[in-house]
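Chemist: Give me a model of this one.
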Amino acid sequence: MKEAARYETAGKPIVCPHCEGRTFFEASALLNTRGLTFFNLDWADKAATTLACEACGLIQWFMIEPTRQTL
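Modeler: Numbering: from 1, shown residues only. Take a look at the predicted model:
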C-alpha cells in the first residue's frame, strides 16, 4: 500500500465528507459486471480508484483518477 497523501480532482482538493480528513490511501478496485463474470472475463472490466481516509477509513470511489499532490 502506498503512503497516505493528499489528492485533488476537478481542480478541488479531496476532503473526507465524514471527518474532514485530507490524507488518503490510494487503491484500485474492479467494477465487475454480470456479463463478463458469466464468461469468466472479469479481468476485462473497468477499474476505479479508491481513496481511504487515513483518519476514519471512509472509502471514496472515483472513475476519473484523482491527482496525487506533493506535500
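Chemist: Give the next helix or strand downstream of the helix or strand bottoming out on mean pLDDT in the chain.
Modeler: One helix or strand of the chain scores below all others by mean pLDDT, DSSP states H and E: helix 34-38, with a mean of 61. Toward the C-terminus, helix 34-38 is succeeded by strand 47-53 as the next helix or strand (DSSP states H and E).
Chemist: Now for Leu51, how many residues are close by?
Modeler: 23 (other CB atoms under 10 Å). (Glycine included, C-beta is placed from N, CA and C.)
Chemist: One more: Pro13?
Modeler: 11.
Chemist: ok, it - contacts?
Modeler: Contacts for Pro13 were tallied using CB atoms under 8 Å, 6 or more residues apart in numbering; they are Arg6, Tyr7, Arg22, Gln69.
Chemist: who does the second one bridge with?
Modeler: Beta-bridge pairing of Tyr7 under DSSP bridges involves Arg68.
Chemist: related to what we said a few turns ago, among the contacts of Pro13, name the buried ones.
Modeler: Arg6, Tyr7, Arg22 (16 or more other CB atoms under 10 Å).
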